[in-house]
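*Asks:* Sequence plus the predicted model coming up.
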Amino acid sequence: MRAARRGPPLAAALLCAALFLALGPGPARGQARGAAPDGPITAWIADWDLARGLAEWRAHPGLFDSVRVFSANFDSRDQPALTPEWAKILGSDVSGVFGPAKVYLTVVNDVATPTGKGNILKDPALVSRLVATPASRAGHVEALVALAKRHKFPGLEIDYENVAAADWPNFLTFVEALFRRSQAEGLALSVLLQPQRRYLASPLPKGPGYVLMGYNLFGFHSGPGPKATPEFLADQAAALRAIGALEATSLALATGGFDWTGPKAARQLTETEAQTLLAQKNVRPTRSPADGYLVSRYSDDKGQNHDVWYADGETLATLWRAGRAAGFTRLAVWRLGGNTPSLFSWLATLGH
């Protein structure tokens, strides 16, 4: 997952909430029905976009079977804790916000400082320390279970990224231990998988649910392009099938997109931000036929060319059809907040 830290002004968030409550998940004109998932549909709400994410969740009751709270991270002593934004509203019982819904706490290998200066995102050294020995793994398992129980979460989710190849065997041993402990405590367990073959080359522990990050084909690391393509998703499904993990793995598709300036300079946009930007520039996007992304180019006040690629409901419908054809049966949406009714209209057609 991408751990940016920014959010809309409160007035914009309230306006967005009112818009979604008014419009609801009505049918989208010309939108084809997708292949229904066999299992639950889930979505994340990020701490930097709480107002809009919660507004979208509340405006579409029953659309998602579960929700994932993003996130908990780590302090300088390698101890996990909810981010302050979530801790403030969740208190000691997550059901006070989400009622009886199944809620996962997503734990990310970010190291956060009290001031925000010197934060380390997706720290591989942190993971290496936490899973290095039987003692460190056992201590970490207990810390995670205690955190989930402290806030009465029904489930835990591990989103440890950039894990060094040398640490991968220890990480899988940690997952096995955490699953056993979670089962004993009645907690569901989910594990995020990056779309990288070196992490999908050996069998995964049986028991946890897995979620493949079906995006980041193009992004901050690259020039302009789609976050995902049908070929990309088929390749990931083939890798999971080869290690016997496809049936246990949900496919996460990402909303929004990027605005690139030059070969690698990019900023992330939600769908509504992309629409607003292009309206200001008086630019009408075209749709990429291969993957369904909306694509456009404009010049800024300095004469620099910008390339914008972003997703809407039709894009995710295109990608989900490809993912379904490749063998994925469960869908996850990264993320709620900054989406238009087209996303929810399409999700409502799935009729899971």
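*Replies:* Done, it's in. Residues are numbered from 1 along each chain as shown.

*Asks:* quick one, helices of the protein?
*Replies:* For the chain, the helices defined by DSSP state H occupy 10-23, 50-59, 84-90, 95-98, 124-131, 134-150, 168-185, 230-242, 271-280, 313-326, 341-350.

*Asks:* I'd like to know which elements the third one is packed against.
*Replies:* Read it as helix 84-90. Counting by 3 or more Cβ pairs under 8 Å, 6 or more residues apart in numbering; DSSP states H and E, the packing neighbours recorded for helix 84-90 are helix 50-59, strand 66-74, helix 95-98. Using the backbone N, CA and C atoms, a C-beta is placed for each residue, glycine as well.

*Asks:* Just the buried positions in the shortest one, please.
*Replies:* Taking 16 or more other Cβ atoms under 10 Å as the basis for neighbour counts, the residues of helix 95-98 that come out buried are 97-98.

*Asks:* What of the longest one?
*Replies:* Residues of helix 50-59 classed as buried: 50-57, 59 (neighbour count, 16+ other Cβ under 10 Å).

*Asks:* Using TSV, please lay out the residues you listed together with distance to residue 36 and pLDDT.
*Replies:* Output for these, formatted as TSV (distance: Cβ to Cβ, whole Å; pLDDT from 0 to 100):
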residue	distance to residue 36	pLDDT
50	30	98
51	31	97
52	27	98
53	24	98
54	26	98
55	26	98
56	21	98
57	21	97
59	22	98
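
*Asks:* ok, so of those residues, who is nearest residue 333?
*Replies:* residue 56 (9.9 Å; Cβ to Cβ).

*Asks:* What sits closest to that closest one if chain neighbours are left out?
*Replies:* residue 336 (4.4 Å; Cβ to Cβ, 6 or more residues apart in numbering).

*Asks:* still on that earlier bit, which one of the helices and strands packed on helix 84-90 lies nearest to residue 291?
*Replies:* helix 50-59 (23.7 Å).

*Asks:* Give me the angle between the closest one and helix 341-350.
*Replies:* Computed by axes from the mean of the first three to the mean of the last three Cα atoms, to 10 degrees, the angle separating helix 50-59 from helix 341-350 equals 30 degrees.

*Asks:* so what does helix 50-59 touch, helix or strand wise?
*Replies:* By 3+ Cβ pairs under 8 Å, 6+ apart, helix 50-59 packs against helix 10-23, strand 41-46, helix 84-90, strand 331-336.

*Asks:* Give the bridge partners for the closest residue to residue 310 other than its chain neighbours, please.
*Replies:* Nearest residue to residue 310, sequence neighbours excluded (Cβ to Cβ, 6+ apart): residue 257, at 2.9 Å. Taking DSSP bridges as the rule, residue 257 bridges to residue 269, residue 310.

*Asks:* again with residue 102
*Replies:* Beta-bridge partners of residue 102, counted by DSSP bridges, are residue 66.

*Asks:* Report the contact partners of it.
*Replies:* Residues in contact with residue 102 (Cβ atoms under 8 Å, 6 or more residues apart in numbering) are 65-67, 154-155, 188.
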